[in-house]
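Student: need a 3D model of the sequence below.
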Amino acid sequence: MVPILSDSTIPQVLGLYKVLLIPAQDYARHPHITRHHHIFENFDERFKVTVLNVRLRSGPKRRETKHEIIEVGVPTRNLMLSYILGYLAFHLKLASFVKSNRCDCIILSNIISPLVPVLAGGRPIVFDYKDVYSLSASVPFGTPVRQVVYWLTRFFEQILFGFKMTIVVPSPSMQRVVRDRFNVKSLVISNGVNTALFHPISASARDKVRTELGVRQGEFCLCYLGSIENWLDLESVVHALVRLRPVRLIMIGGPPRSAAYLDDIMDLCDREGVRDRVTLTGFKIQSEAAKILAACDAAIIPFPTKRELSAVALPDKTFEYLASGIPVISTRLPDVEKLFGNFLYFYNTADELISILHRLHSSTRRKCSPFHQINCVKKYDWKCIAGSYCALIVSLLTHEVN
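Tutor: Sure thing, here's the model as predicted:
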């Protein structure tokens, strides 16, 4: 892993650094708080951040932010149409913003256009390549649209990586991807966790949350926190419920786009007779989600290992689960296993998942103590991650990074 710069190694320069952020997802309205929202809301007062937000979601409700947001685009029910409508407006607004000299550097994470480096006017650019966009952007669509989106995005990626930029990725596996696919070097600035929210709770608070959720006496609560989409393997989790009667599945979140996969999972629950042991909370604000998570007995990362995206995944939920102090169960994701292998319970098959759940339910013995588990993620607090990002930007603007 490439060492991450820190403020202690970068001279502090007085003044206001003007940063333009072009995030990968809707900064203000995405159901889950995004990587960029976590990082940039923790920037210190040296930075004036403006967010050029490609709006894909309808509705007036916006997440609170301390930054200026410039919204472009027309949200529609059709994701592809929303991108197309926002395309021209994005370029016009970006060109106008740069021409008015309102930014010192650009943090780019959206794959909407390969022309951003051309329009940047020579300003330093950080390309935050948070996942393999040609794969993630094509996931919501069916064939043949999926193939069109995949190859178009791959073409955009190829152009972008041909420009001189500082590349930031969230995991060592992503670092290998950009090296092997685009022959460029990158810095690793990982995802993280808000440890002020995600932490263990008292026994009384735990009992209160479980009562509110309708958890029965003696039930073992298994939690999933995050988007519910068709690239998950919740089928194996449902089959485990069939064979383990005391287990209840609590899902915090929902489908950010199509509800088809969630509907399929609930139909499967009905057919298998376990619907009464599945609790859907819907999307929750982080403070509420953190309490529900901490009130559970274990949490799961059910990413199918055969999918390409899983091979580079280091999801936020890994850090949030660990910070909550409860046992964490996961499929074998390379980066998760490399960084936190001593703390997690890994499974490859539904039978192995059942064995882990049975062992956790029937014994108070843990693979590691909650204290060590919580302590291992302290350095991944979003404030620390933001500090690394601030240091990188300062170094770029003081010409200490080539």
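
Student: just give me the neighbour total for the nearest residue to residue 236 once chain neighbours are set aside.
Tutor: Nearest residue to residue 236 in three dimensions, chain neighbours excluded: residue 350, at 4.2 Å (Cβ to Cβ, 6 or more residues apart in numbering). For every residue, glycine as well, the C-beta is placed using N, CA and C. Look at residue 350: counted by other Cβ atoms under 10 Å, it has 17 neighbours.

Student: which is the next helix or strand following the host helix or strand of residue 320?
Tutor: Of the helices and strands defined by DSSP states H and E, residue 320 is found in helix 316-323. Next helix or strand after helix 316-323 toward the C-terminus (DSSP H and E): strand 328-331.

Student: that next one packs against which elements?
Tutor: Other helices and strands packing on strand 328-331, by 3 or more Cβ pairs under 8 Å, 6 or more residues apart in numbering; DSSP states H and E, are strand 298-301, helix 316-323, helix 334-340, strand 344-347, helix 350-362.

Student: now do the fourth one, average pLDDT.
Tutor: Right, the one you point to is strand 344-347. On average, the pLDDT along strand 344-347 is 96.

Student: how about stretch 389-401?
Tutor: The pLDDT scores in stretch 389-401 average 86.

Student: circling back to that earlier point, hmm, the residue nearest to residue 236 is touching residue 241, no?
Tutor: No. Using Cβ atoms under 8 Å, residue 350 is not in contact with residue 241, being 10.5 Å away.

Student: how far does the lengthiest helix in the chain sit from its chain's centre?
Tutor: Under DSSP state H, the helix in the chain containing the largest number of residues is helix 79-99. Taking Cα atoms, centre = their mean, to the nearest Å, one finds the center of helix 79-99 at 24 Å from the center of the full chain.

Student: buried ones in it?
Tutor: 79, 82, 83, 85, 86, 90, 91, 93, 94, 97, 98 (16 or more other Cβ atoms under 10 Å).

Student: now do it: everything it contacts.
Tutor: With Cβ atoms under 8 Å, 6 or more residues apart in numbering as the test, helix 79-99 has contacts from 20, 22, 50, 52, 54-56, 70, 72-76, 103, 112-113, 115-116, 119-121, 123, 140-141, 145, 149, 257.

Student: again, but for stretch 144-163
Tutor: Outside stretch 144-163, the residues touching it (Cβ under 8 Å, 6+ apart) are 80, 108, 111, 113-114, 116-117, 125, 127, 133-135, 137-139, 141, 167, 178, 182, 184.

Student: let's go with 7 Å and repeat that
Tutor: The contact list for stretch 144-163 (Cβ atoms under 7 Å, 6 or more residues apart in numbering) reads 111, 114, 117, 127, 133, 134, 137, 138, 141, 182, 184.

Student: the first one: how many residues sit nearby?
Tutor: By that I understand residue 111. By other Cβ under 10 Å, neighbour count at residue 111 equals 22.

Student: leaving out chain neighbours, which residue sits closest to it?
Tutor: Counting by Cβ to Cβ, 6+ apart, the nearest residue to residue 111 once its immediate chain neighbours are dropped is residue 133, at 4.4 Å.

Student: what sits against the one you found?
Tutor: 111, 153, 157.

Student: buried subset of the contacts of helix 79-99?
Tutor: By 16+ other Cβ under 10 Å, the contacts of helix 79-99 give 20, 22, 50, 52, 54-56, 72-73, 75-76, 103, 112-113, 116, 119-120, 123, 140-141, 149, 257 as buried.

Student: how far away is residue 280 from residue 331?
Tutor: Computed with Cβ to Cβ, to the nearest Å, the distance linking residue 280 and residue 331 is 22 Å.

Student: quick one, which of these two is more surrounded?
Tutor: Taking neighbours as other Cβ under 10 Å, residue 280 and residue 331 compare with residue 331 leading, 23 against 14.

Student: residues contacting that one?
Tutor: Contacts of residue 331 (Cβ under 7 Å, 6+ apart): 301, 302, 303, 304, 305, 347.

Student: quick check: bridge partners of it?
Tutor: residue 347 (DSSP bridges).

Student: that one and residue 341, how far apart?
Tutor: 13 Å.

Student: top of the contacts of stretch 144-163 by neighbour count?
Tutor: Busiest of those [other Cβ under 10 Å] is residue 127, holding 25 neighbours.

Student: helix, strand or coil for it?
Tutor: Under DSSP: H, G, I helix; E, B strand; the rest coil, the three-state class of residue 127 is strand.

Student: could you do residue 384 as well?
Tutor: Residue 384 ends up helix, using three-state DSSP.

Student: which residues in the stretch 101-250 of the chain form helices?
Tutor: Assigned by DSSP state H, counting those that start in this stretch, the helices in the stretch 101-250 of the chain fall at 116-119, 133-136, 145-160, 172-182, 203-212, 234-243.
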